[in-house]
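**Student:** Here is my input, please return the structure:
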Amino acid sequence: MAELSWYGVRCVFRHRDLGVFEERMTLWTAASPDEAIARAEAEAREYGEALEDTEYTGFAESYRMDGGPGEGAEVFSLMRESDLPSDAYVGRFFATGDERTG
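**Tutor:** Next up is the predicted model:
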């Protein structure tokens with residue numbers, strides 16, 4: 001049996017009634033990234049079906065954690081190449097002003 005690792009998996013949902021998309025990260029123990037995604041996608045479908053007018057978009061990506069969850073543990077990381085200055089990068093991809101948090 002393969003050794004299990006912790007994975008953070010990000011899935012994207014569309015809340016049609018609210019007019020928003022949600023990025024949701026969940027933690028899984030799995031023997032591979034593909035297994036972690038398969039488990040997360042099964043849960044994502046249930047999550048989407050449990051909420052009215054919400055669909056799982058089919059987008060998922062995983063990140064194998066170095067160790068397990070705990071104080072300060074990195075649960076997800078994504079690197080993207082860009083020539084944008086820091087403030088423009090954050091404004092384009094993260095702090096667009098259209099986010100809903102909390």
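**Student:** So, low pLDDT: which residues of this protein?
**Tutor:** For the chain, the stretches with pLDDT under 70 are 1, 102.
**Student:** C-terminal to the longest helix seen in the chain, which secondary structure element comes first?
**Tutor:** When the chain is parsed with DSSP state H, its longest helix is helix 33-50. Heading C-terminal from helix 33-50, the first helix or strand you meet, by DSSP states H and E, is strand 54-64.
**Student:** quick one on the thing from earlier: buried sites along the longest helix of the chain?
**Tutor:** 35-37, 39-41, 44, 47-48 (16 or more other Cβ atoms under 10 Å). Every C-beta, even on glycine, is put in place using the N, C-alpha and C of the backbone.
**Student:** now do stretch 17-33
**Tutor:** In stretch 17-33, counting by 16+ other Cβ under 10 Å, buried: 22, 26-28, 30.
**Student:** Ok, stretch 59-73 next?
**Tutor:** By neighbour count on 16+ other Cβ under 10 Å, the buried set for stretch 59-73 is 60, 62-63, 65.
**Student:** which residues sit against it?
**Tutor:** With contacts defined as Cβ atoms under 8 Å, 6 or more residues apart in numbering, stretch 59-73 is touched by 5-12, 27, 33, 36-37, 40-41, 44, 74-78.
**Student:** Go ahead and produce PDB holding the CA coordinates of that stretch.
**Tutor:** Coordinates of the C-alpha atoms in stretch 59-73 are reproduced here as PDB (Å, rounded to 0.1, in the frame of the first residue of the first chain):
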ATOM      1  CA  PHE A  59     -12.200  22.600 -11.600                       C
ATOM      2  CA  ALA A  60     -10.000  21.100  -9.000                       C
ATOM      3  CA  GLU A  61      -6.300  21.200  -8.200                       C
ATOM      4  CA  SER A  62      -4.300  19.600  -5.400                       C
ATOM      5  CA  TYR A  63      -1.300  20.400  -3.400                       C
ATOM      6  CA  ARG A  64       0.700  17.800  -1.400                       C
ATOM      7  CA  MET A  65       1.500  19.200   2.000                       C
ATOM      8  CA  ASP A  66       4.900  18.700   3.500                       C
ATOM      9  CA  GLY A  67       3.700  16.900   6.700                       C
ATOM     10  CA  GLY A  68       0.300  17.200   8.200                       C
ATOM     11  CA  PRO A  69      -2.000  19.900   9.200                       C
ATOM     12  CA  GLY A  70      -1.000  22.000  12.200                       C
ATOM     13  CA  GLU A  71      -0.200  25.500  13.400                       C
ATOM     14  CA  GLY A  72       1.200  27.500  10.500                       C
ATOM     15  CA  ALA A  73       1.100  24.500   8.100                       C
END
